[in-house]
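Chemist: Fold the following, please.
(one chain, ligands or ions: 2)
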Amino acid sequence: MTIRLKKNATKEDKQKIFDVLKENGFGYVEAPGETANLICIMGEETEKMELLELLESFPGVESVNPVNDPYRLVSRRLYPEMNGKTRIIDVDGVKIGTEKPIVIAGPCTIYSLEQALEVAESVKKSRADFFRGGIFKPRTSPYDFQGLGREGLWILGEVKKQTAMPIVTEVMDTRDVELVAEYADILQIGARNMQNHTLLHEAGKQKKPVMLKRHPYSSLQEWLCSAEHIAREGNLNIILCERGIRTSTNGEYDRNTLDLGVIPGAREKSILPIIVDPSHGTGFKKLVPSAAKSALEYGAHGLMIEVMRDNEEPLINCGNKKVPYCDYKQGLTASEFDALCKEIKK
Ligand code: PEP
Ligand code: MN
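Modeler: Residues are numbered from 1 along each chain as shown. Ligands and ions are numbered 1, 2, ... in the order given. Sure thing, here's the model as predicted:
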(Lines give C-alpha, C1' and ligand atoms only; values in the text may rest on other atoms or scores of the structure.)
(Ligands and ions follow the chains in the order given, each with its own letter.)
Protein backbone atom coordinates (compact mmCIF):
# COMPACT_ATOMS: atom_id res chain seq x y z
CA MET A 1 0.00 0.00 0.00
CA THR A 2 1.18 3.49 -0.79
CA ILE A 3 0.26 6.90 0.50
CA ARG A 4 0.47 9.72 -1.99
CA LEU A 5 0.89 13.16 -0.43
CA LYS A 6 -0.48 16.39 -1.77
CA LYS A 7 2.11 18.74 -3.26
CA ASN A 8 1.53 21.23 -0.45
CA ALA A 9 1.76 18.63 2.37
CA THR A 10 3.76 20.05 5.27
CA LYS A 11 6.41 18.45 7.44
CA GLU A 12 3.86 18.29 10.25
CA ASP A 13 1.33 16.50 8.01
CA LYS A 14 4.00 13.92 7.21
CA GLN A 15 5.01 13.53 10.84
CA LYS A 16 1.39 12.82 11.85
CA ILE A 17 1.21 10.05 9.28
CA PHE A 18 4.53 8.56 10.40
CA ASP A 19 3.37 8.64 14.04
CA VAL A 20 0.15 6.77 13.27
CA LEU A 21 2.01 4.20 11.21
CA LYS A 22 4.59 3.67 13.95
CA GLU A 23 1.95 3.43 16.70
CA ASN A 24 0.22 0.72 14.71
CA GLY A 25 3.34 -1.25 14.00
CA PHE A 26 3.74 -0.46 10.28
CA GLY A 27 7.14 -0.01 8.71
CA TYR A 28 7.38 2.53 5.93
CA VAL A 29 9.79 4.03 3.48
CA GLU A 30 9.69 7.36 1.69
CA ALA A 31 10.23 7.18 -2.06
CA PRO A 32 13.50 8.84 -2.98
CA GLY A 33 14.21 11.95 -4.99
CA GLU A 34 11.57 13.58 -7.07
CA THR A 35 9.06 10.93 -6.04
CA ALA A 36 9.31 12.08 -2.43
CA ASN A 37 5.57 12.61 -2.26
CA LEU A 38 5.14 8.86 -1.87
CA ILE A 39 5.26 6.78 1.27
CA CYS A 40 5.37 3.00 0.86
CA ILE A 41 3.98 0.91 3.68
CA MET A 42 5.92 -2.23 4.44
CA GLY A 43 4.87 -5.66 5.60
CA GLU A 44 1.60 -7.53 5.41
CA GLU A 45 -1.17 -5.12 4.72
CA THR A 46 -4.20 -7.29 5.15
CA GLU A 47 -4.38 -6.25 8.80
CA LYS A 48 -5.43 -2.76 9.78
CA MET A 49 -6.69 -1.99 6.29
CA GLU A 50 -9.31 0.20 7.84
CA LEU A 51 -6.74 2.34 9.56
CA LEU A 52 -4.88 2.81 6.31
CA GLU A 53 -8.03 3.80 4.54
CA LEU A 54 -8.70 6.28 7.31
CA LEU A 55 -5.38 7.90 6.53
CA GLU A 56 -7.01 9.10 3.34
CA SER A 57 -8.76 11.80 5.39
CA PHE A 58 -5.53 13.03 7.01
CA PRO A 59 -4.32 16.52 6.08
CA GLY A 60 -1.73 16.42 3.32
CA VAL A 61 -2.84 13.03 1.98
CA GLU A 62 -3.98 12.92 -1.62
CA SER A 63 -4.74 9.19 -1.85
CA VAL A 64 -4.01 5.80 -0.37
CA ASN A 65 -3.27 3.33 -3.14
CA PRO A 66 -3.49 -0.41 -2.82
CA VAL A 67 -0.29 -1.07 -4.80
CA ASN A 68 0.56 -4.34 -3.19
CA ASP A 69 3.11 -5.69 -5.65
CA PRO A 70 6.13 -7.37 -4.10
CA TYR A 71 8.02 -4.48 -5.73
CA ARG A 72 6.59 -0.99 -5.43
CA LEU A 73 8.96 1.90 -5.92
CA VAL A 74 9.94 0.53 -9.32
CA SER A 75 6.38 -0.49 -10.24
CA ARG A 76 4.58 1.36 -12.99
CA ARG A 77 1.34 1.11 -11.04
CA LEU A 78 2.69 3.55 -8.50
CA TYR A 79 3.14 6.32 -11.05
CA PRO A 80 -0.08 6.83 -13.04
CA GLU A 81 1.01 10.41 -13.70
CA MET A 82 3.88 9.10 -15.85
CA ASN A 83 1.35 7.89 -18.43
CA GLY A 84 3.39 4.88 -19.48
CA LYS A 85 6.63 6.86 -19.81
CA THR A 86 9.98 5.54 -18.64
CA ARG A 87 12.04 7.11 -15.88
CA ILE A 88 14.85 8.99 -17.57
CA ILE A 89 18.28 8.59 -16.05
CA ASP A 90 20.69 11.35 -16.92
CA VAL A 91 24.35 10.37 -16.74
CA ASP A 92 26.74 13.18 -17.64
CA GLY A 93 24.13 14.54 -20.05
CA VAL A 94 23.41 11.15 -21.69
CA LYS A 95 19.74 10.35 -21.17
CA ILE A 96 18.81 6.70 -20.67
CA GLY A 97 15.13 5.84 -21.02
CA THR A 98 14.15 8.00 -23.99
CA GLU A 99 13.21 6.58 -27.39
CA LYS A 100 16.76 7.35 -28.57
CA PRO A 101 18.71 4.21 -27.64
CA ILE A 102 22.03 4.56 -25.89
CA VAL A 103 25.05 2.34 -26.56
CA ILE A 104 27.53 1.04 -24.02
CA ALA A 105 30.58 -0.62 -25.57
CA GLY A 106 33.97 -1.95 -24.63
CA PRO A 107 35.90 -5.08 -23.82
CA CYS A 108 34.58 -7.83 -21.63
CA THR A 109 37.70 -7.56 -19.49
CA ILE A 110 40.43 -4.97 -19.08
CA TYR A 111 43.95 -6.38 -19.28
CA SER A 112 46.03 -3.24 -19.73
CA LEU A 113 45.75 0.53 -20.20
CA GLU A 114 46.90 0.22 -23.79
CA GLN A 115 44.14 -2.29 -24.65
CA ALA A 116 41.42 -0.36 -22.80
CA LEU A 117 42.37 2.95 -24.38
CA GLU A 118 42.51 1.59 -27.91
CA VAL A 119 39.03 0.10 -27.59
CA ALA A 120 37.66 3.22 -25.90
CA GLU A 121 38.98 5.47 -28.64
CA SER A 122 37.52 3.28 -31.38
CA VAL A 123 34.06 2.90 -29.80
CA LYS A 124 34.01 6.63 -29.16
CA LYS A 125 34.59 7.22 -32.88
CA SER A 126 31.64 4.92 -33.59
CA ARG A 127 29.65 7.22 -31.26
CA ALA A 128 29.16 4.86 -28.30
CA ASP A 129 27.81 6.79 -25.31
CA PHE A 130 29.64 4.83 -22.59
CA PHE A 131 32.80 2.78 -22.26
CA ARG A 132 32.46 -0.54 -20.46
CA GLY A 133 35.24 -2.76 -19.17
CA GLY A 134 35.45 -5.37 -16.44
CA ILE A 135 38.02 -4.94 -13.68
CA PHE A 136 36.34 -7.41 -11.32
CA LYS A 137 35.33 -10.47 -13.33
CA PRO A 138 32.88 -13.09 -12.09
CA ARG A 139 34.50 -16.07 -13.85
CA THR A 140 32.80 -19.42 -13.54
CA SER A 141 36.05 -21.32 -13.07
CA PRO A 142 38.26 -20.06 -10.25
CA TYR A 143 41.27 -20.98 -12.41
CA ASP A 144 40.35 -18.38 -15.04
CA PHE A 145 41.64 -14.79 -14.87
CA GLN A 146 39.42 -12.94 -12.36
CA GLY A 147 40.23 -9.41 -13.52
CA LEU A 148 42.88 -6.92 -12.42
CA GLY A 149 40.91 -6.09 -9.28
CA ARG A 150 41.46 -2.98 -7.15
CA GLU A 151 44.92 -2.43 -8.63
CA GLY A 152 43.36 -2.04 -12.08
CA LEU A 153 40.81 0.64 -11.26
CA TRP A 154 43.19 3.45 -12.15
CA ILE A 155 42.94 2.32 -15.79
CA LEU A 156 39.27 3.32 -15.82
CA GLY A 157 40.23 6.72 -14.42
CA GLU A 158 42.82 7.14 -17.14
CA VAL A 159 40.42 6.07 -19.91
CA LYS A 160 37.89 8.60 -18.70
CA LYS A 161 40.51 11.32 -18.48
CA GLN A 162 41.83 10.68 -21.97
CA THR A 163 38.53 10.03 -23.80
CA ALA A 164 35.96 11.87 -21.65
CA MET A 165 33.71 8.82 -21.96
CA PRO A 166 31.53 7.92 -18.99
CA ILE A 167 32.37 4.51 -17.53
CA VAL A 168 30.33 1.39 -16.78
CA THR A 169 32.04 -1.29 -14.70
CA GLU A 170 31.01 -4.18 -12.49
CA VAL A 171 31.26 -4.30 -8.73
CA MET A 172 31.06 -7.71 -7.09
CA ASP A 173 31.79 -7.09 -3.44
CA THR A 174 30.11 -4.82 -0.89
CA ARG A 175 33.57 -3.80 0.37
CA ASP A 176 34.40 -2.32 -3.05
CA VAL A 177 31.21 -0.37 -3.75
CA GLU A 178 32.46 2.97 -2.48
CA LEU A 179 35.80 2.65 -4.25
CA VAL A 180 34.35 1.48 -7.58
CA ALA A 181 31.78 4.29 -7.44
CA GLU A 182 34.70 6.75 -7.52
CA TYR A 183 35.67 5.46 -10.98
CA ALA A 184 32.33 4.39 -12.46
CA ASP A 185 29.53 6.55 -13.80
CA ILE A 186 27.24 3.52 -13.74
CA LEU A 187 27.82 0.60 -11.38
CA GLN A 188 27.11 -2.76 -12.97
CA ILE A 189 25.70 -5.55 -10.85
CA GLY A 190 26.27 -8.74 -12.76
CA ALA A 191 23.84 -11.56 -13.45
CA ARG A 192 25.33 -13.77 -10.76
CA ASN A 193 24.84 -11.12 -8.09
CA MET A 194 21.28 -10.16 -9.00
CA GLN A 195 20.03 -11.57 -5.72
CA ASN A 196 23.00 -10.63 -3.58
CA HIS A 197 20.89 -8.45 -1.33
CA THR A 198 23.69 -7.00 0.73
CA LEU A 199 25.39 -5.85 -2.49
CA LEU A 200 22.10 -4.44 -3.79
CA HIS A 201 21.64 -2.50 -0.55
CA GLU A 202 25.14 -1.02 -0.74
CA ALA A 203 24.53 -0.02 -4.36
CA GLY A 204 21.27 1.57 -3.25
CA LYS A 205 23.01 3.65 -0.60
CA GLN A 206 25.45 5.31 -2.97
CA LYS A 207 24.54 7.92 -5.55
CA LYS A 208 25.73 6.55 -8.91
CA PRO A 209 23.14 4.88 -11.21
CA VAL A 210 23.11 1.09 -11.09
CA MET A 211 22.78 -1.26 -14.05
CA LEU A 212 21.19 -4.47 -12.80
CA LYS A 213 21.70 -7.49 -15.03
CA ARG A 214 19.13 -10.24 -14.98
CA HIS A 215 20.04 -13.59 -13.48
CA PRO A 216 19.71 -16.33 -16.13
CA TYR A 217 17.15 -18.19 -14.02
CA SER A 218 15.11 -15.27 -12.77
CA SER A 219 11.59 -14.26 -13.62
CA LEU A 220 10.71 -10.64 -14.38
CA GLN A 221 9.12 -10.35 -10.96
CA GLU A 222 12.25 -11.59 -9.18
CA TRP A 223 14.34 -9.18 -11.23
CA LEU A 224 12.13 -6.23 -10.33
CA CYS A 225 12.18 -7.27 -6.67
CA SER A 226 15.98 -7.09 -6.83
CA ALA A 227 15.68 -3.59 -8.30
CA GLU A 228 13.33 -2.75 -5.44
CA HIS A 229 16.06 -3.74 -2.95
CA ILE A 230 18.23 -1.01 -4.50
CA ALA A 231 15.41 1.54 -4.74
CA ARG A 232 14.39 1.11 -1.10
CA GLU A 233 17.81 2.26 -0.02
CA GLY A 234 17.23 5.58 -1.78
CA ASN A 235 18.54 5.05 -5.29
CA LEU A 236 15.90 4.85 -8.00
CA ASN A 237 18.43 5.38 -10.80
CA ILE A 238 18.39 1.78 -11.93
CA ILE A 239 18.79 0.45 -15.45
CA LEU A 240 17.67 -3.12 -16.13
CA CYS A 241 19.85 -5.19 -18.46
CA GLU A 242 18.58 -8.35 -20.13
CA ARG A 243 21.54 -10.64 -20.92
CA GLY A 244 19.99 -13.96 -21.86
CA ILE A 245 18.49 -16.69 -19.76
CA ARG A 246 19.24 -20.38 -19.34
CA THR A 247 16.96 -22.64 -21.38
CA SER A 248 17.45 -25.98 -23.07
CA THR A 249 19.70 -24.79 -25.90
CA ASN A 250 22.77 -26.01 -24.01
CA GLY A 251 25.21 -23.84 -25.91
CA GLU A 252 24.80 -25.79 -29.17
CA TYR A 253 24.10 -22.66 -31.17
CA ASP A 254 23.88 -19.93 -28.54
CA ARG A 255 25.33 -19.43 -25.09
CA ASN A 256 22.13 -18.11 -23.53
CA THR A 257 18.64 -17.52 -24.86
CA LEU A 258 18.00 -13.83 -25.31
CA ASP A 259 14.57 -13.14 -23.85
CA LEU A 260 13.31 -10.35 -26.07
CA GLY A 261 9.76 -10.66 -24.77
CA VAL A 262 10.89 -9.42 -21.38
CA ILE A 263 11.54 -5.96 -22.88
CA PRO A 264 7.89 -4.98 -23.42
CA GLY A 265 7.08 -6.89 -20.22
CA ALA A 266 9.49 -4.81 -18.15
CA ARG A 267 8.31 -1.60 -19.81
CA GLU A 268 4.75 -2.47 -18.89
CA LYS A 269 5.43 -3.45 -15.29
CA SER A 270 8.10 -0.95 -14.33
CA ILE A 271 9.14 2.65 -14.87
CA LEU A 272 12.81 1.64 -15.16
CA PRO A 273 14.66 1.78 -18.48
CA ILE A 274 15.72 -1.57 -19.91
CA ILE A 275 18.73 -2.21 -22.10
CA VAL A 276 19.95 -5.43 -23.72
CA ASP A 277 23.34 -7.15 -23.79
CA PRO A 278 23.30 -9.17 -27.03
CA SER A 279 26.89 -10.32 -26.45
CA HIS A 280 26.23 -12.48 -23.38
CA GLY A 281 22.67 -12.95 -24.62
CA THR A 282 23.88 -14.95 -27.62
CA GLY A 283 27.52 -15.82 -26.97
CA PHE A 284 28.55 -15.70 -30.63
CA LYS A 285 29.54 -12.63 -32.56
CA LYS A 286 27.70 -13.64 -35.72
CA LEU A 287 24.43 -13.46 -33.72
CA VAL A 288 25.16 -10.12 -32.03
CA PRO A 289 24.10 -7.66 -34.78
CA SER A 290 20.68 -9.21 -35.42
CA ALA A 291 20.06 -9.67 -31.68
CA ALA A 292 20.99 -6.03 -31.09
CA LYS A 293 18.65 -4.76 -33.81
CA SER A 294 15.83 -7.05 -32.65
CA ALA A 295 16.22 -5.78 -29.09
CA LEU A 296 15.70 -2.23 -30.33
CA GLU A 297 12.67 -3.35 -32.34
CA TYR A 298 11.27 -4.81 -29.13
CA GLY A 299 11.65 -1.46 -27.40
CA ALA A 300 14.99 -1.64 -25.59
CA HIS A 301 16.29 1.74 -24.44
CA GLY A 302 19.82 0.80 -25.32
CA LEU A 303 22.47 -1.85 -25.84
CA MET A 304 25.60 -3.03 -24.12
CA ILE A 305 28.00 -4.68 -26.53
CA GLU A 306 31.39 -6.31 -26.02
CA VAL A 307 33.97 -4.90 -28.40
CA MET A 308 37.65 -5.72 -28.87
CA ARG A 309 40.46 -4.36 -31.03
CA ASP A 310 40.46 -5.31 -34.71
CA ASN A 311 43.59 -7.41 -34.41
CA GLU A 312 42.84 -8.97 -31.02
CA GLU A 313 44.20 -12.50 -30.56
CA PRO A 314 42.62 -15.17 -28.34
CA LEU A 315 45.66 -14.79 -26.04
CA ILE A 316 46.28 -11.29 -24.69
CA ASN A 317 49.12 -9.59 -22.80
CA CYS A 318 48.40 -8.99 -19.16
CA GLY A 319 51.35 -7.74 -17.13
CA ASN A 320 54.21 -10.05 -18.03
CA LYS A 321 52.04 -12.99 -19.09
CA LYS A 322 49.63 -13.91 -21.83
CA VAL A 323 46.15 -15.01 -20.75
CA PRO A 324 43.12 -16.27 -22.74
CA TYR A 325 40.91 -13.33 -23.74
CA CYS A 326 37.59 -13.66 -21.86
CA ASP A 327 34.47 -14.11 -24.01
CA TYR A 328 36.52 -13.94 -27.19
CA LYS A 329 33.87 -15.67 -29.32
CA GLN A 330 31.20 -13.10 -28.63
CA GLY A 331 33.25 -9.91 -28.94
CA LEU A 332 32.75 -7.75 -32.03
CA THR A 333 35.87 -6.20 -33.47
CA ALA A 334 36.01 -2.41 -33.53
CA SER A 335 35.20 -2.44 -37.28
CA GLU A 336 32.28 -4.83 -36.86
CA PHE A 337 30.95 -2.64 -34.06
CA ASP A 338 31.31 0.45 -36.22
CA ALA A 339 29.32 -1.21 -39.02
CA LEU A 340 26.59 -2.18 -36.56
CA CYS A 341 26.38 1.38 -35.19
CA LYS A 342 25.95 2.72 -38.71
CA GLU A 343 23.12 0.25 -39.34
CA ILE A 344 21.44 1.10 -36.04
CA LYS A 345 21.58 4.80 -36.80
CA LYS A 346 19.83 4.22 -40.10
C1 PEP B 1 29.72 -8.84 -18.17
O2 PEP B 1 28.92 -7.95 -18.52
O3 PEP B 1 30.91 -8.79 -18.43
C4 PEP B 1 29.22 -10.03 -17.46
C5 PEP B 1 30.05 -10.80 -16.76
O6 PEP B 1 27.93 -10.25 -17.65
P7 PEP B 1 26.89 -11.19 -16.88
O8 PEP B 1 26.89 -10.73 -15.45
O9 PEP B 1 25.61 -10.88 -17.60
O10 PEP B 1 27.34 -12.59 -17.07
MN1 MN C 1 31.89 -10.88 -20.92
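
Chemist: Same question for stretch 253-268: list its buried residues.
Modeler: For stretch 253-268, the neighbour count (16 or more other CB atoms under 10 Å) marks 254-256, 258-260, 262-263, 265-267 as buried. Where C-beta positions appear, they are placed from N, C-alpha and C, glycine not excepted.

Chemist: typo on my end, stretch 78-97
Modeler: In stretch 78-97, counting by 16+ other CB under 10 Å, buried: 78-79, 86-87, 89, 91, 94, 96-97.

Chemist: Can you get me a residue count around the residue of the chain found nearest ligand 2?
Modeler: For the chain and ligand 2, the shortest gap (CB to the ion) falls at Cys108, measuring 3.3 Å. Per other CB atoms under 10 Å, the neighbour tally for Cys108 reads 20.

Chemist: Nearest spatial neighbour of it, chain-adjacent residues omitted?
Modeler: Leaving aside its sequence neighbours, Cys108 sits nearest to Asp327 (CB to CB, 6 or more residues apart in numbering; 4.1 Å).

Chemist: burial measure for the one you found, as a count.
Modeler: 19.

Chemist: Also Asp129?
Modeler: Residues lying near Asp129 (other CB under 10 Å) number 23.

Chemist: what sits against it?
Modeler: Counting by CB atoms under 8 Å, 6 or more residues apart in numbering, Asp129 makes contact with 94, 102-104, 165-166, 302.

Chemist: what's whatever residue of the stretch 101-250 of the chain ends up closest to ligand 1 in contact with, if anything?
Modeler: In the stretch 101-250 of the chain, the residue that lies nearest ligand 1 is Gly190 (3.0 Å; CB to the nearest ligand atom). Contacts were defined as CB under 8 Å, 6+ apart; by that measure Gly190 touches 138, 170, 172, 213.

Chemist: So the last one is in contact with Asp277, correct?
Modeler: Yes: at 7.1 Å, Lys213 and Asp277 qualify as touching, with contact defined as CB atoms under 8 Å.

Chemist: Now for these two: what residues contact both?
Modeler: 241, 243.

Chemist: Show me which of these two is the more surrounded one.
Modeler: Neighbour comparison, Lys213 and Asp277: the larger count goes to Asp277, with 31 against 26 (by other CB under 10 Å).

Chemist: Roughly how far does the residue nearest the centre of the chain sit from Ala31?
Modeler: Central residue of the chain (CA atoms, centre = their mean): Met211, 1.7 Å from the mean position. Applying CB to CB, to the nearest Å, the value for Met211 to Ala31 is 21 Å.
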